[in-house]
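Have a look; sequence and predicted model below, questions after that.
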Amino acid sequence: MTASINAQMALVALNRFGLGARGGNSGDLANAASDPKGFVKSELASPRTALLEGPNLRPSEDLLAEMYGVIRQRREARAQTNQTAPNAQTMSDAPPGTAPPPPPKPQPNFNFIQERFRSDALARIQRAHAPACGFVERLVGFWSNHFCISAVKGPGVRISAGAFEREAIRPHVLGSFADMVKAVEQHPAMLAYLDNAVSVGPNSRAGQNRKRGLNENLARETLELHTLGVDGGYTQADVTSLARIITGWTIVGPPGQLGRPGTFVFNKNAHEPGAQILLGKTYADEGVVQGEKALYDLAHHPAAAKFIATKFARHFVADDPPPALVEKLTNVFRDSDGDLKALSLVLVDDDTAWSAPLTKIRSPYDYIIAASRLIARVPDQPQRYLGSLILMGAPLWQPPGPNGFADTNAAWATPNGMKTRLDIAGQIAKRLGNLTDPEEALDAVAGPAASAETRQAIGRAESREQAMALVLMSPEFQRR
Amino acid sequence: MALSTALHAPSRRQLLVTGGALFAWSHLPRFAHAADGRDPRLVVMVLRGALDGLAAVAPVSDPAYEALHGQQALSLSGDKPALPLDNFFALHPAMPNFARLYGLRQAAVVHATATAYRERSHFDGQDVLESGYAMPGKTDSGWLNRALQQLPKGERIAIKGKGLAVGASTPLILRGGAPVTGWAPSALPAVQDDLEQRLLELYRHRDVGLASALEQGLGLEKVAQREAGNMRPVGGNVIEAMRVPSRGAAKLIAADDGPRFAALAFDGWDTHVNEGGATGRLAQLLAGLDGAIEEFEKGLGENWKTTVIAVVTEFGRTARINGTAGTDHGTGTVAFLAGGALNGGRVIADWPGLRDADLFEGRDLKATTDVRGVMKGLLTDHLGIGANVLGERVFPDSRDVKPMQGLIV
């Protein structure tokens, strides 16, 4: 093969499957060119590759327990405030003659929630700079978006958003789909996000006492978005049935009556008693096992294989992925009982996944990560990254709905999206000034696979700054 | 736009707009106006976080009001008197522009209104408000987008049926099958015109898809900035944060070949703590909203007379002040309407009262008007969408909620 064919394969390895070549002396492009498939697959060797640990990364139960503690303090402070309200005008700064507002007692500080969120965001961003290819981090991003939660839901989801990904997604991206489904649907962040934590079986003891009832949100999205897909052949009766089956799946609250606060618990008192029929199969009431068996069967359903295979191919290869590739992925998913490492290997081994033209555009997250890898700056603060993602309409761990961020060109190659990308590229280039050689950067990104037009545009740019912005906006950098 | 590029004359961005098609659909044949010659525009502003309707439009003559809102209650006297709307309601003093429009019969308030949602989660409440469904959990498309799909075909209005989402992402209310374009004021300094041109040139040779998107994006920015000046929001200033995107959006929907339907979302209305009264945090937010409406009025010029702005929020707040000088999640609230096409100058309310027994669940202003009926009234009389379609497609399962009559001049 010629150098440019090798470079084209390296571009596919780094952009389609990875997070883009690192700058400096990484040698990523040359390494990818020497064995493109091996370059991508080498990351799959150890399932531990996907795990993310660190001194500032705490289990979700610790984070939630911290939050419960602060809320309790606030409630106590509020109660005290109310008692002392009548004679508190000394603290008021109201102008004379107006009645003072209730006294501003010191509020417990809620900034810690955002601080914990940022710690996890920073760890994720830093991790993205470490691997040569970044395929495993791309898998994490794919599955995290498939099983998304949103920090907008409230402080409990916000503080545990990163922990959710560390605990429910990362351990399973090279493991079993069924295990991931179970870990996700039993995670406090998901139980809060899709309201199952407050869902009560109408005929359960709690349902009878408190006149509260079923919330179908998690059950519906488990069927529609997590496993079978909207055309997966289930009915409204199946939604209701699954909702009953997973009643009692909740989070231990601050009093800790049912266990350690902030952990998943099966609350028998809220569980709808009796057998339930889901997709024609009867599930006896065996407590939490009833739901675990139902999820296991959903994860192994043929509709799930097709649904996941299609999304997977759409993410990595094309908005309208080659049907033969989808079929191949469907088959391996089904035949391997949802082995996600096997699924990834079949994708990487498939020749059409390498020959299909690079028509997709990088997602906002992958774009800013690729830019950061190229300029070889590992951040020690996440704010600039998080801010850029907000501007691009893709705030981290805050998708617009439970279906996650869209995964198509139509969503990201928009007028406003492209203008914003350009403004961000301009900012990055401005900060670099003359520190980076744009031609070296282009060589790091694409080498001989760079088009003559791109090379010429960069060569003719009026300044290094302008040339660097062009590198970051070039089709070679944006497309995958 | 950066100052340095303003010295080049004419700017490349300007040439881009005047020389080429700004909007991809503008090459479509120009159909005649609708029979009555109207070219209606509709702007929906979503206030996220739940607006305190009793603080924004105070029922100053309701005998229970002052006791409920205590030291934060608005009053017709004092340093910052509320602005009387009729003999019962008074507008927050931070909204003098809205009061002026009200006097011109170009603004109205709907009070004690809410969606069909009766729980108190922002997240679900916003989904219900924006999706147009009677219950949460439907987040595929929004009612404004579905309304665009129902516009009368073959008329100018249908050609201009593209929606404009203002902000970094499309709010749920405008998501769906009808085409939507997006624009947000640049939070970052724009790059030099020269770089834009070089990149467009590269894209034209190598990537026509990116060329088309970028060209449109730069074009939208140019129209939004024309006459509107520098659009960079002033950091942390809540008033500018609402005025600036409104200023740009007004220019875009005023353009002859621009979109006619815009959605904006403003955050920050969740006033649990230190809400303030005639001054304070909520007053700042209301001043921002007042400014946003003023920006549309100014920016639309002649086209203001065919425009309606609807301001809605997911639910109201508790009738009583809580222990931290704020209010908690409630039910009934206000919707603001403004625009030259509006039959305004009135507060529309079936007032439920504020005695303990009148309050919803003993705590919230009761909702006596379904906000969907208000929106339906606008969609019917302003855009010509039939009641059946509104009851089935735009606001599913809402056939019992009748379109409010007489909202449009």
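Nice, I can see it.

What residues does the closest residue to chain A within the stretch 1-150 of chain B make contact with?
Proximity of the stretch 1-150 of chain B to chain A (CB to the nearest CB) peaks at residue B:139, 3.6 Å away. (C-beta placed from N, C-alpha, C; glycine too.) Counting by CB atoms under 8 Å, 6 or more residues apart in numbering or on different chains, residue B:139 touches A:400-403, B:127, B:131, B:172.

ok, residue A:246 to residue A:217 distance?
Distance, residue A:246 to residue A:217, using CB to CB, to the nearest Å: 11 Å.

Going along the chain, name the helices of the stretch 351-480 of chain A.
A:352-355, A:364-374, A:383-391, A:409-412, A:415-432, A:438-445, A:452-459, A:464-473, A:475-478 (DSSP state H, counting those that start in this stretch).

With mean pLDDT and distance to residue B:301 added, can I get those helices in CSV?
Listed next are the helices of the stretch 351-480 of chain A as CSV, based on pLDDT from 0 to 100; distance: least, CB to CB, whole Å:
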stretch, mean pLDDT, distance to residue B:301
helix A:352-355, 97, 54
helix A:364-374, 98, 36
helix A:383-391, 95, 30
helix A:409-412, 91, 33
helix A:415-432, 95, 24
helix A:438-445, 96, 45
helix A:452-459, 97, 41
helix A:464-473, 97, 36
helix A:475-478, 98, 38
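
closest one to chain B among those?
helix A:415-432 (3.4 Å).

Could you list every helix and strand in contact with the closest one?
helix A:364-374, helix A:383-391, helix A:464-473, strand B:180-183, helix B:193-206, helix B:208-225 (3 or more CB pairs under 8 Å, 6 or more residues apart in numbering or on different chains; DSSP states H and E).

7 Å instead?
Judged by 3 or more CB pairs under 7 Å, 6 or more residues apart in numbering or on different chains; DSSP states H and E, helix A:415-432 is in contact with helix A:464-473, strand B:180-183, helix B:193-206, helix B:208-225.

what packs against the longest one?
So the one you mean is helix B:208-225. helix A:415-432, helix B:12-19, helix B:193-206, helix B:238-254.

Columns mean neighbour count and distance to residue B:165 on top of those, output as CSV?
Output for those, formatted as CSV (neighbours: other CB atoms under 10 Å in any protein chain shown; distance: least, CB to CB, whole Å):
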stretch, mean neighbour count, distance to residue B:165
helix A:415-432, 23, 8
helix B:12-19, 16, 20
helix B:193-206, 20, 22
helix B:238-254, 23, 10
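
Looking at the ones you listed, which is nearest to residue A:174?
Shortest separation from residue A:174 across the helices and strands packed on helix B:208-225 is recorded for helix A:415-432, at 31.4 Å, computed as CB to CB.

show me where pLDDT drops low in the stretch 1-150 of chain A?
A:1-2, A:82-109 (pLDDT under 70).

report the longest helix in the chain, please.
Let's take chain A. Across chain A, the longest stretch assigned as helix under DSSP state H is helix A:60-84.

oops, chain B please
Secondary structure of chain B per DSSP H: the longest helix is helix B:281-300.

For that one, the averaged confidence score.
What helix B:281-300 shows for mean pLDDT is 97.

which outside residues touch the very next helix or strand once past it?
As assigned by DSSP states H and E, the chain's next helix or strand after helix B:281-300 is strand B:307-313. Strand B:307-313 is contacted from outside by B:41-47, B:50-51, B:129, B:269, B:289, B:293, B:296, B:300, B:333, B:335-342, B:371, B:375, B:378, B:382, using CB atoms under 7 Å, 6 or more residues apart in numbering or on different chains.

now stretch A:223-233
Residues outside stretch A:223-233 that contact it (CB under 7 Å, 6+ apart) are A:147, A:181, A:234, A:238-239, A:242, A:298-299, A:301, A:303-304, A:307, A:402-403.

ditto for stretch B:389-396
B:132-133, B:143, B:146-147, B:150, B:372, B:376, B:379-380, B:385, B:398-399, B:401, B:403.

can you do 8 Å?
B:132-134, B:143, B:146-147, B:149-150, B:372, B:375-376, B:379-380, B:385, B:398-399, B:401, B:403.

Same check on stretch A:387-400?
For stretch A:387-400, contacts defined as CB under 8 Å, 6+ apart pick out A:117, A:121, A:124, A:144-145, A:148-152, A:161-162, A:165, A:363-365, A:367-368, A:385-386, A:405, A:412, A:416-417, A:420-421, A:423-424, B:139, B:167-170, B:172, B:175, B:182, B:184, B:187-188.
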